[in-house]
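Colleague: give me a 3D structure for the following:
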Amino acid sequence: MNCKRFLITGCSGFVGRHFLNCLYEKKQQMDILGIDMKAPTFDLDRYADRLHFSFCEVNLLDRDRLYQVLAEFKPQYILHLASFSSVAYSWQHPEDSFVNNTNIFLNLTSVLKELQLPCRILSVGSSEEYGNVSDADLPLREDMYLKPVSPYAVARVSQEMLARVFVDNYGLDIILTRSFNHIGPWQDERFVVPSFIRRILNILDEASNSGSGVSDTDPVKGEIETGDVSIVRDFVDVRDVVEAYYLLLMRGTAGEIYNICSGHGLTLSDIVSQIGELCGVQVHTKVNPEFVRPNDNRVVIGSYDKIATELGWQPIIPWKKTLSDMIDCMKDKMN
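Modeller: Prediction:
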């Protein structure tokens, strides 16, 4: 029987690594081609008994190179993860963020159209597309009007609209997500939750090095600078997210959009407090105006009813376990 052939764009990143784990756990022989601007730094040998993995360094803005790679590999499934995924970066570099994220998707879909490959694509979008909403609009559902408020979000909406053009007019098999804030082990410290974890662990290390130690009667105390910790986000474990991606690639409906979320909201202050509790640190936060984004979404909570009804997916990993696993991962990185 022929192996399934998966192409993963942005494979060297946080989600790509977890998706490889997800495929490995299916206990099937698969051919995987990863493309990215740089090779993965994590151990690929652990996958070798089931996943036949190869890597190509490809800039998706180079349409000719992309054409060559797709024509040779002929993927059956594409998980499109490649993007500038930081909202903060998009405020600092709006043109770069928009042009890159929109044009790499346009190149990918136009090349597939030209090659006429029978290939299914999962286009990963973002909850940022919904923009600022009222409490009456919660939880956010796929049929809601979009009001993006950042350059990153506008690019994601553009990607979604391009996908619709290629589905409706050229018959491409594209499924779309609006993925909410996913977190988990190995996430880059440019993102808010691992940044909190790193800085809280630094407080613990400094106390340990100074001989202060940790005790119930005199807990370690420290301060970190943050943005607005009153904002509410729907955090979902990346290991649940990649299971949803796999299900959508296998059984999702072409042209449809699916929220990938937990269905629950947490303030960033909740997250800081729980990290502090798990680390044994009493954390005080201080708002740094430079960390506050313009016109940030106040409350983001989604509904996963659609994917649950159609495919039976739901998040299963509790957020406290996610944070605990992230803390353990960060400790390993720091040692």
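Colleague: state the mean pLDDT of stretch 65-75.
Modeller: When pLDDT is averaged along stretch 65-75, the result is 98.
Colleague: same question for that stretch: list its buried residues.
Modeller: The neighbour-count check on stretch 65-75 (16 or more other Cβ atoms under 10 Å) flags 65-67, 69-70, 73, 75 as buried. Any C-beta I mention is one placed from the backbone N, CA and C, and that applies to glycine too.
Colleague: make a markdown table out of those residues and add distance to residue 303.
Modeller: A markdown table is the format used below for the buried residues of stretch 65-75 (distance: Cβ to Cβ, whole Å):
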| residue | distance to residue 303 |
| --- | --- |
| 65 | 40 |
| 66 | 35 |
| 67 | 39 |
| 69 | 37 |
| 70 | 35 |
| 73 | 36 |
| 75 | 31 |
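Colleague: and which of the residues you listed is nearest residue 328?
Modeller: residue 75 (34.4 Å; Cβ to Cβ).
Colleague: need the contact list for the closest one.
Modeller: Going by Cβ atoms under 8 Å, 6 or more residues apart in numbering, residue 75 touches 5-7, 33, 117, 119.
Colleague: repeat that for residue 200.
Modeller: 222, 224, 272, 275-276, 279, 281, 283.
Colleague: same question for residue 67.
Modeller: 111, 114-115.
Colleague: which one of the contacts of residue 75 is nearest to residue 289?
Modeller: For the contacts of residue 75, the residue nearest residue 289 by Cβ to Cβ is residue 7; the value is 42.4 Å.
Colleague: next up, identify which helix or strand that closest one is on.
Modeller: strand 4-9 (DSSP states H and E).
Colleague: next secondary structure after that strand?
Modeller: Downstream of strand 4-9 (by DSSP H and E), the next one is helix 14-24.
Colleague: report the contact partners of residue 4.
Modeller: Per Cβ under 8 Å, 6+ apart, neighbours of residue 4: 28, 30-31, 76-77.
Colleague: show me what it is bridged to.
Modeller: residue 30 (DSSP bridges).
Colleague: same question, residue 220
Modeller: With DSSP bridges as the rule, residue 220 is bridged to residue 281.
Colleague: hmm, back to that, what's the angle between the strand holding residue 7 and helix 14-24?
Modeller: 170 degrees (axes from the mean of the first three to the mean of the last three Cα atoms, to 10 degrees).
Colleague: rewinding a little: dump the contacts of residue 200 to CSV, plus distance to residue 156 and neighbour count.
Modeller: Below are the contacts of residue 200 laid out as CSV (distance: Cβ to Cβ, whole Å; neighbours: other Cβ atoms under 10 Å):
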residue, distance to residue 156, neighbour count
222, 36, 16
224, 29, 21
272, 27, 23
275, 28, 23
276, 32, 23
279, 33, 21
281, 35, 22
283, 32, 21
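Colleague: could you pull out the helices for the stretch 51-200 of the chain?
Modeller: Taking DSSP state H, counting those that start in this stretch, the helices of the stretch 51-200 of the chain run over residues 63-73, 87-92, 94-115, 151-170, 192-209.
Colleague: where does pLDDT dip in this protein?
Modeller: 1, 211-217 (pLDDT under 70).
Colleague: try it again with 90
Modeller: Scanning the chain for pLDDT under 90 picks out the ranges 1-3, 86-88, 132, 134-135, 190, 207-219, 227, 288-298, 335.
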